[in-house]
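Asker: turn this into a structure:
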Amino acid sequence: MPSRPLRFLIGLALGVVLGLGYAWRIQPVAYYDTAPDSLRQDYRVDYVLMVAQSYQAEGDLRLSLLRLAALGPRPPAEIVEEAIGFAEANGFGQVDRQALRQLADDLRSIPSSPEIGSS
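Answerer: Numbers count the residues shown, from 1 in each chain. From the prediction side, this is the model:
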């Protein structure tokens, strides 16, 4: 009969293997309707690019601001600038980079809103 520590290690290994098998094969985690701010950087850039392309087609800057707000509390122009940097570093096409630049330029042209409570 195996010693007590050996039985413990065999039980632990068996539990880990069975737990991982269950989690990976039988009932894996499925993500649905996740928020855009939880996306990986490359997917975030794709999202920003889609917003920029929609802006080119629709010309609605307010709608673009709402779409970019889904990526978190950072300023929209900063989010687009980060996307431009990623696009340039990763060889995005000229048309895509131009769409991002146009959106960034138009976002920078928005006057900053006055602080609440100041008179």
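
Asker: ok, for the residue nearest to the spatial centre of the chain, nearest residue in space, not its chain neighbours?
Answerer: For the chain, the residue nearest the mean C-alpha position is residue 39 (2.6 Å; C-alpha atoms, centre = their mean). Leaving aside its sequence neighbours, residue 39 sits nearest to residue 47 (C-beta to C-beta, 6 or more residues apart in numbering; 6.4 Å). Quick note: C-beta positions are derived from backbone N, CA and C, even for glycine.

Asker: circling back to that earlier point, the residue nearest to the centre of the chain and residue 83, how far apart?
Answerer: With distances taken as C-beta to C-beta, to the nearest Å, residue 39 is found 12 Å from residue 83.

Asker: go on, residue 72?
Answerer: With distances taken as C-beta to C-beta, residue 72 is found 13 Å from residue 83.

Asker: which one of the two is surrounded by more residues?
Answerer: For residue 72 and residue 83, the more surrounded residue by other C-beta atoms under 10 Å is residue 83, and the numbers stand at 27 against 12.
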